[in-house]
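make a model of this:
(one chain, ligands or ions: 1)
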Amino acid sequence: MVLCPVIGKLLHKRVVLASASPRRQEILSNAGLRFEVVPSKFKEKLDKASFATPYGYAMETAKQKALEVASRMHQKDLRTPDMVIGADTIVTVGGLILEKPVDKQDAYRMLSRLSGKEHSVFTGVAIVHCSSKDRQLHTRVSEFYEETTVKFSELSEELLWEYIHSGEPMDKAGGYGIQALGGMLVESVHGDFLNVVGFPLNHFCKQLVELYYPPRPEDLRQPVQHDSIPAVDTFEDLSDVDGGGSEPAQRETGSCDEKAEAGVAGQATAEAECHRTRATLPPFPTRLLELLDGFKLSKALLTACKLKVFDWLKDEAPQKAADIASKVDASACGMERLLDVCAAMGLLEKTEQGYSNTETANLYLASDSEYSLHGFMLQNNDIIWNLFTHLEFAIREGRNQHHRVLGKKVDDLFQDAYYRSPETQLRFMQAMHGVAKLTARQVATAFDLSRFSSACDVGGCTGALARELAREYPGLQVTVFDLPDVVELAVHFQPAGPQAAQIHFAAGDFFRDPLPSAELYVLCRILHDWSDDKVHKLLSKVAESCKPGAGLLLVETLLDEKKREAQGSLIQSLNMLVQTEGRERSRGEYQCLLELHGFHQVQVVHLEGVLDAMLATRVAP
Ligand SMILES: O=c1[nH]cc([C@@H]2O[C@H](COP(=O)(O)OP(=O)(O)OP(=O)(O)O)[C@@H](O)[C@H]2O)c(=O)[nH]1
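Alright, predicted model coming up:
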């Protein structure tokens with residue numbers, strides 16, 4: 001149901017939200033708007049001093065975000081969007097503009113400024129109407145802002161730091177999220193709550209009404225009420241105002257109006273029919289079709305990685321599809337289509353000169369980049385993709401599908417499947433290494449671990465996390481404990497450097513062999529591979545190896561307790577079903593498991609991406 005009829009006006013339009021903010025996406029989709037999400041690449045670096053007001057700055061930033069997306073989509077897509085929405089939220093206090101904190105110290109500075117005081121939250125919104133004529137993009141921008149005042153309680157240092165360590169402030173204007181933990185800091189709010197969260201929905205709807213239902217000349221003679229959003233039962237009245245058009249501020253010239261021109265009697269019938277059609281037509285299922293296409297996009301990305309397209313284009317002048325095709329022994333026509341899709345996905349730039357890598361491709365998709373995910377892409381292409389083709393069986397049988405892919409029984413997940421040959425083992429390790437390198441720094445710095453002098457990374461694979469732990473804590477000795485075959489290959493992943501002396505590898509099976517002794521045990525993305533029985537077995541081994549006061553650092557992706565919201569974690573759990581013996585668990589489930597094995601004082605920090613880190617302390621049995 002669309003409560004605000006003006007939202008219904010957009011159902012058949014290609015509407016794009018130029019924002020990476022999950023809050024904005026949620027607010028607008030809850031309102032019944034159908035849209036695509038294309039995050040803006042506009043760098044929020046306008047000179048604040050050149051704006052007379054803070055909201056002027058927010059509106060201009062919002063406009064630039066939306067225009068960047070509009071012009072990028074116009075260049076890359078066959079279809080120009082009809083409308084692009086951009087938004088920018090800022091906090092102002094004592095004449096200062098606060099945006100998102102760059103690090104924890106910055107968050108601390110912001111929150112201590114807000115403590116005990118009233119501040120304003122401004123969200124600037126730009127609605128960019130786009131059209132294409134002679135291959136040129138034409139835009140019409142309408143913009144507005146909304147202000148809400150928020151008063152914070154006095155915040156103690158302890159509360160402040162606890163909040164900062166929760167990780168919540170980092171992607172939020174002013175360093176807090178009023179809709180979540182940050183709500184506890186707030187004493188009062190004056191104005192639109194959703195404006196603080198990132199999108200002033202009420203004002204947005206009013207703006208759309210102004211755009212789509214401009215007052216008739218006769219209305220202008222009377223006071224016009226634009227501060228109310230017409231409700232559902234006024235839909236027919238509204239349609240009368242503008243002929244039911246779906247273009248802002250102009251009459252529709254579509255087939256319905258043509259029918260209406262056939263005379264007065266004919267007009268009445270045609271209009272009635274036209275209204276009926278509009279009323280009964282269900283919303284166009286854009287999101288559904290995008291979901292459907294998701295697997296094709298993934299496969300295009302994986303295929304481009306497999307063919308090393310991003311390696312051929314790294315640091316090179318733009319190249320034509322035919323040149324790349326000849327290098328990888330592919331057809332020119334096939335390659336051109338693949339490269340066009342990669343460009344539409346934002347992985348390549350396409351110009352008259354040819355194709356070149358975007359920054360994303362250079363950073364993560366070229367195989368020799370420092371933070372390359374190329375190995376992870378190949379693992380997905382060669383192994384996980386095949387497992388997922390048997391998803392239906394996985395759901396019916398409630399177990400992984402290696403036996404189907406390999407055509408034989410798999411008793412030991414690692415020895416029989418992932419490490420069944422040196423080649424598959426190396427690919428698995430490369431995949432894990434890429435992912436671990438990206439996340440290791442965040443894991444190592446999630447908590448202050450300086451009280452520990454020794455750590456054991458159980459199932460630590462190539463030692464990528466061990467390296468970051470050693471870098472962060474120069475007094476820490478880290479043992480990476482993994483299967484003998486893994487330890488043998490791990491040396492190839494260890495770059496020389498000052499940390500090398502702090503890292504040692506020990507070979508063994510963590511279910512069968514004694515664990516190396518340590519003050520801190522680390523289980524990073526290990527428990528999610530295993531059934532509850534095996535998790536208990538491993539945790540009791542860790543607990544036995546710990547003295548009171550020892551720590552356990554657990555890193556997993558946490559499901560929300562009701563298993564409704566965390567889409568990234570939910571898909572990971574399905575992934576675990578298809579691939580492993582385990583599943584993802586919620587914070588409550590991990591807390592129970594930890595407490596059962598004598599680990600208490602559990603602290604949790606959400607990391608960027610889907611991972612969460614938990615630190616618990618072993619108490620005396
Ligand atoms: O109480 C809350 N206050 C603010 C937020 C979120 O903060 C950010 C504001 O940042 P910005 O407007 O620059 O938007 P981005 O997240 O960078 O996304 P864009 O791609 O649109 O630039 C915004 O996400 C708010 O939702 C909050 O959650 N709670």
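
alpha carbons only for contacts and neighbour counts from here, please
OK.

domains for this protein, by residue range?
Domains of the chain are assigned by the TED database as 7-212, 302-369, 440-618.

relative to the ligand, which of these is closest?
Using CA to the nearest ligand atom as the measure, domain 7-212 is the one of those that comes nearest the ligand, at 3.2 Å.

can the closest one be found next to the ligand?
Yes. Looking at domain 7-212 against the ligand by CA under 6 Å from any ligand atom, the contacts come from 19-21, 23-24, 39-40, 87-89, 100, 171-173, 176-179, 196-198.

buried among those residues? Need that as a selection in PyMOL.
To isolate the buried members of those in PyMOL, using 16 or more other CA atoms under 10 Å:
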select buried, resi 19+21+23+24+39+40+87+88+89+100+171+172+173+176+177+178+196+197+198
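
helices - which of the residues of domain 7-212 next to the ligand land there?
23, 24, 196, 197 (DSSP state H).

how about the last one, what does it touch?
In other words, residue 197. Residue 197 makes contact with 23, 24, 177, 178, 179, according to CA atoms under 8 Å, 6 or more residues apart in numbering.

can you list the weak-confidence ranges in the chain?
With pLDDT under 70 as the threshold, the chain has low-confidence stretches at 1-4, 77-79, 214-280.

run the last query once more with 80
Within the chain, the segments meeting pLDDT under 80 span 1-5, 9, 11, 76-79, 134, 213-284, 287, 495-496, 564-567.

quick one: which of the ones in helices among the residues of domain 7-212 next to the ligand is nearest to residue 51?
For residue 51, the closest of these turns out to be residue 196, at 21.3 Å, with distances computed as CA to CA.

neighbours of the closest residue to the closest one other than its chain neighbours, how many?
Residue nearest to residue 196 in three dimensions, not counting chain neighbours: residue 121, with 5.9 Å by CA to CA, 6 or more residues apart in numbering. By other CA atoms under 10 Å, the residues close to residue 121 number 28.

now swap in residue 611 and tell me
Residue 611: 19 surrounding residues under other CA under 10 Å.

and residue 134, by the same measure?
Here the number of neighbours of residue 134 (other CA under 10 Å) works out to 5.

repeat for residue 350
Here the count is done by other CA under 10 Å, and residue 350 has 22 residues near it.

and residue 292, by the same measure?
Residue neighbour count, defined by other CA under 10 Å, stands at 11 for residue 292.

what's the answer for the one 3 residues further on, then?
Here the number of neighbours of residue 295 (other CA under 10 Å) works out to 12.

pull out the buried positions in stretch 286-305.
Taking 16+ other CA under 10 Å as the neighbour-count basis, stretch 286-305 is seen to contain the buried residues 286, 297, 300, 301, 302, 303, 304, 305.

what do you get for stretch 571-590?
572-587, 590.

in helices, which of those residues fall?
The helices, defined by DSSP H, take in 572, 573, 574, 575, 576, 577, 578, 579, 587, 590 from these.

next up, phi/psi of residue 349, please.
Residue 349 adopts backbone torsions of phi -100, psi 140, taken as degrees, to the nearest 10.

please apply the same query to residue 19.
Dihedral pair for residue 19: phi -150, psi 140, per degrees, to the nearest 10.

which ones are touching it?
Listed by CA under 8 Å, 6+ apart, the contact partners of residue 19 are 25, 37, 38, 39, 40, 65, 86, 87.

check the gap between it and residue 69 for me.
9 Å (CA to CA, to the nearest Å).

can you check residue 174 too?
Distance of residue 174 to residue 69, computed by CA to CA: 25 Å.

ok so, going back, which of the three states applies to the residue nearest to residue 196?
Using DSSP: H, G, I helix; E, B strand; the rest coil as the criterion, the local structure at residue 121 reads strand.

contacts only, for it.
89, 90, 91, 92, 147, 148, 149, 150, 195, 196.

that one pairs with what?
Beta-bridge pairing of residue 121, defined through DSSP bridges, involves residue 91, residue 148.

ok, how many other residues are close to residue 561?
Neighbour count of residue 561, defined by other CA under 10 Å: 13.

pull the contacting residues for the nearest residue to it once chain neighbours are set aside.
Here the nearest residue to residue 561 in space, its sequence neighbours aside, is residue 586; by CA to CA, 6+ apart that works out to 5.5 Å. For residue 586, the contact set (CA under 8 Å, 6+ apart) comprises 558, 559, 560, 561.
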